[in-house]
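Peer 1: give the three-dimensional model of this entry:
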Amino acid sequence: MIVIALTASIVIFDGWKLKRSNQDIPNLGQFPTGGMAWQSQMSQELVRNITMLGAIIVMMAAPWFLAERSGTSTQWVILFDVLLAIHGCWLVLPKRYALTKDALWVDGFSVDWERLWWSGYTGGSSITLQRKGWWRLAPLPLGGSEEDLAAAALRIDAIMVDEWETLAPLLNEEA
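Peer 2: All right, here's what the predicted structure looks like:
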């Protein structure tokens with residue numbers, strides 16, 4: 001029951017954060033300060049979260065092999081699988097992202113740039129930053145179209161090399 005309660009709490013919290021992200025990022029496009037906000041599509045989120053979806057599938061299957069040995073009721077295993085399936089649905093829903101000079105908004109959370117590092121963007125379907133202090137155990141992928149990701153990568157490069165003050169006016173002239 002503790003596992004079910006914790007899983008339900010995570011699913012409810014993640015769902016609330018996703019709903020809240022539309023309020024936190026109400027406008028899409030370029031900001032006057034040089035930042036930007038964009039929204040992904042379901043197919044882009046599928047690519048972004050494919051490894052997490054694989055982990056969810058494994059977590060859904062594993063209890064079935066252990067339920068009889070542990071004496072766990074089938075109804076608890078089914079409820080656990082339903083909660084994980086809902087969480088999997090949350091993962092593929094379109095998301096809103098935003099970045100400014102000070103922070104990155106992803107999955108309903110704001111992350112300061114000082115807490116992130118990255119090794120650049122060479123094109124493709126996602127940008128992956130890493131959380132400092134977690135090695136490769138806490139990747140932070142960003143989804144979106146290649147155009148949105150290229151624009152975000154330009155800004156992230158400027159932030160990481162402390163060139164934001166140079167880039168922001170250029171972006172405003174271009175817009």
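
Peer 1: mind listing what the residue nearest the centre of the chain touches?
Peer 2: For the chain, residue 107 is the residue whose C-alpha lies nearest the centre (Cα atoms, centre = their mean; 4.3 Å). Counting by Cβ atoms under 8 Å, 6 or more residues apart in numbering, residue 107 touches 14, 17, 18, 21, 95. To be clear about C-beta, it is placed using only N, CA and C from the backbone, and glycine gets the same treatment.

Peer 1: quick one, which of the residues you listed are buried?
Peer 2: Among the contacts of residue 107, those classed as buried by 16 or more other Cβ atoms under 10 Å are 14, 18, 21, 95.

Peer 1: isn't the first one right next to residue 88, touching?
Peer 2: What it means is residue 14. No - counting by Cβ atoms under 8 Å, residue 14 stays clear of residue 88, with 10.8 Å between them.

Peer 1: would you map the strands across this protein?
Peer 2: 29-30, 36-39, 96-99, 103-106, 109-112, 116-117, 127-131, 139-142 (DSSP state E).

Peer 1: which of those strands sits closest to residue 70?
Peer 2: In terms of Cβ to Cβ, the element of the strands of the chain nearest to residue 70 is strand 139-142, at 32.0 Å.
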